[in-house]
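Participant: requesting a structural model of the entry that follows:
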Amino acid sequence: MNLFGKIFQPNKNISKSDLTKITRTEVIEGFCLPGIIHNAQYYFTSLQIYSDGLISCWEMVDLVMLKEKINKGRIVTSIPDGAAISIHNLGHWFIEQGNWEHSKETLYNLIHSLVKQLNPTLENLHNYNGSNSKLVGKVNIAKHGIPDPKPYYYESPNSFLPRKVNGEKFHFFFRYDDSKTYLVELSIYKNGYIEITNLPVKKTLKFDDLNDYVDRGIITTGLKIAETVHILNLGSFKINSGNGVNIKHKINELAGKLSELNGGENSIAKCARILDEYKANPTLKLRNMLREAYEAVPEHQRMFVGTMDTKDYEVRQVIYGNKVKEEFEQENGYDYPYHDMPKPIDEK
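Facilitator: Residues are numbered from 1 along each chain as shown. Have a look, this model is predicted:
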């Protein structure tokens, strides 16, 4: 064998255990489409539609599984009059006089057309072959985790190489120029730039302009009885009753996210950090700091300062004492399930 062959001939006996294992991360483009999940109640959701043919609808599904979910009524095209719509971190309203845009068939066709818009040749679409989980060891896990989609815009879009800037999105109601009220997505970016979509024409503004829009009742979380709400590509309905989160708390949530996008600490993270400090060294000073931090968290977010199990019970027990345990047991009819929090070591 010549020298070239000796150098470049593959080593057939190489062991995979001798190789460095690697992964790669790929950005998949997509759209958010307003939708409804029926799971005992009716939940507004953003159906996340991606160019690889996967759709996030509380779990990841391919196009075949999506059609099954629509046909079985897990993803629905309407809400019955008299039922309620729940919108995460925004509110819960009973509705009437619903006017809905889609049948099962047209909803699926719309989603398929969006996939094709993203991927015109429909190449390399995922096919789960009927199951979106796989066996790892002795445990079934999802083939793809639930994405955390980020809105984006291009800074200086006319430049040779525009920079893509990611942000975070939230839901609000917007009373538009046509005298209609829309459920919108408000995306905020680290420079304070804001985009408002799911309107007939997209709006852009700066964070400093928000309070003016709130004061004039244009951006809101509260709806009037008999007010009609429009959701583009989904339908409309009138409000019978219900409540939204406090608009001031919602704006505080946005302010916290803006701080976080700029490398700061949001109110939830600050509260969780001080709780950990208190557990390690329970003092009156830290308890007072914890109270201040907790009460600065917007009310609709306070359940997130602990784990999925403990929610905010541990924080509230430190701040407000054993009455938190008593209230829990009265409301639920069983013993308080969480560990008792230590009292300040310097409390007299």
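
Participant: name all residues that make contact with the residue nearest the centre of the chain.
Facilitator: Nearest to the mean C-alpha position of the chain, counting by Cα atoms, centre = their mean, stands residue 148 at 7.0 Å. By Cβ atoms under 8 Å, 6 or more residues apart in numbering, residue 148 lies in contact with nothing. In short, each C-beta sits where N, CA and C put it, glycine included.

Participant: that one and residue 168, how far apart?
Facilitator: Residue 148 is 9 Å from residue 168, where distance means Cβ to Cβ, to the nearest Å.

Participant: could you list the low-pLDDT ranges of this structure?
Facilitator: Scanning the chain for pLDDT under 70 picks out 1-17.

Participant: ok, now with 80
Facilitator: 1-17, 157, 348 (pLDDT under 80).

Participant: tell me which stretches of it form helices.
Facilitator: With helices called from DSSP state H, the chain shows them at 3-8, 63-71, 104-118, 210-215, 247-261, 267-280, 284-296, 313-320, 323-332.

Participant: compare those and give me the one nearest residue 236.
Facilitator: Smallest distance to residue 236 across the helices of the chain (Cβ to Cβ): 16.0 Å, for helix 104-118.

Participant: can you pull the buried residues of the closest one?
Facilitator: 107, 108, 111, 112, 114, 115, 118 (16 or more other Cβ atoms under 10 Å).

Participant: ok, for the first one, nearest residue in space, not its chain neighbours?
Facilitator: Read that as residue 107. residue 77 (5.3 Å; Cβ to Cβ, 6 or more residues apart in numbering).

Participant: mind listing what that neighbour touches?
Facilitator: 36, 70, 100, 101, 102, 103, 104, 107 are the contacts of residue 77 under Cβ under 8 Å, 6+ apart.

Participant: gap between it and residue 37?
Facilitator: 12 Å.

Participant: also residue 342?
Facilitator: According to Cβ to Cβ, residue 342 stands 41 Å off from residue 37.

Participant: repeat that for residue 50.
Facilitator: With Cβ to Cβ as the criterion, residue 50 and residue 37 are 18 Å apart.

Participant: looking at these two, which is more packed in?
Facilitator: residue 50 (22 against 17; other Cβ atoms under 10 Å).

Participant: for residue 205, see how far away residue 212 is.
Facilitator: 9 Å.

Participant: the more surrounded of those two?
Facilitator: For residue 212 versus residue 205, the count of surrounding residues by other Cβ under 10 Å is larger for residue 205: 16 against 11.

Participant: you'd agree the more buried one is up against residue 196?
Facilitator: Yes: contact criterion Cβ atoms under 8 Å: residue 205 and residue 196 qualify, at 7.5 Å.

Participant: so how far is residue 213 from the residue lying closest to residue 244 once chain neighbours are set aside?
Facilitator: Nearest-residue entry for residue 244: residue 91, 3.3 Å, with adjacent residues in sequence omitted and distances by Cβ to Cβ, 6+ apart. Relative to residue 213, residue 91 is positioned 18 Å away (Cβ to Cβ).

Participant: residue 151 too?
Facilitator: 19 Å.

Participant: do the same with residue 308
Facilitator: 34 Å.

Participant: all strands of the stretch 51-200 of the chain, in order?
Facilitator: Ranges of strands in the stretch 51-200 of the chain, per DSSP state E, counting those that start in this stretch, are 55-56, 60-61, 75-76, 84-87, 91-100, 133-136, 139-142, 152-155, 163-166, 168-175, 181-188, 193-197.

Participant: now these in CSV, with distance to residue 327?
Facilitator: What follows is these, written out as CSV (distance: least, Cβ to Cβ, whole Å):
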stretch, distance to residue 327
strand 55-56, 37
strand 60-61, 39
strand 75-76, 36
strand 84-87, 24
strand 91-100, 22
strand 133-136, 39
strand 139-142, 37
strand 152-155, 44
strand 163-166, 41
strand 168-175, 30
strand 181-188, 34
strand 193-197, 39
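
Participant: out of those, nearest to residue 239?
Facilitator: strand 91-100 (5.4 Å).

Participant: just want the angle from that closest one to helix 104-118.
Facilitator: Relative orientation of strand 91-100 and helix 104-118, computed by axes from the mean of the first three to the mean of the last three Cα atoms, to 10 degrees: 100 degrees.

Participant: strand 91-100 packs against which elements?
Facilitator: If contacts are counted by 3 or more Cβ pairs under 8 Å, 6 or more residues apart in numbering; DSSP states H and E, strand 91-100 sits against strand 84-87, strand 235-244.
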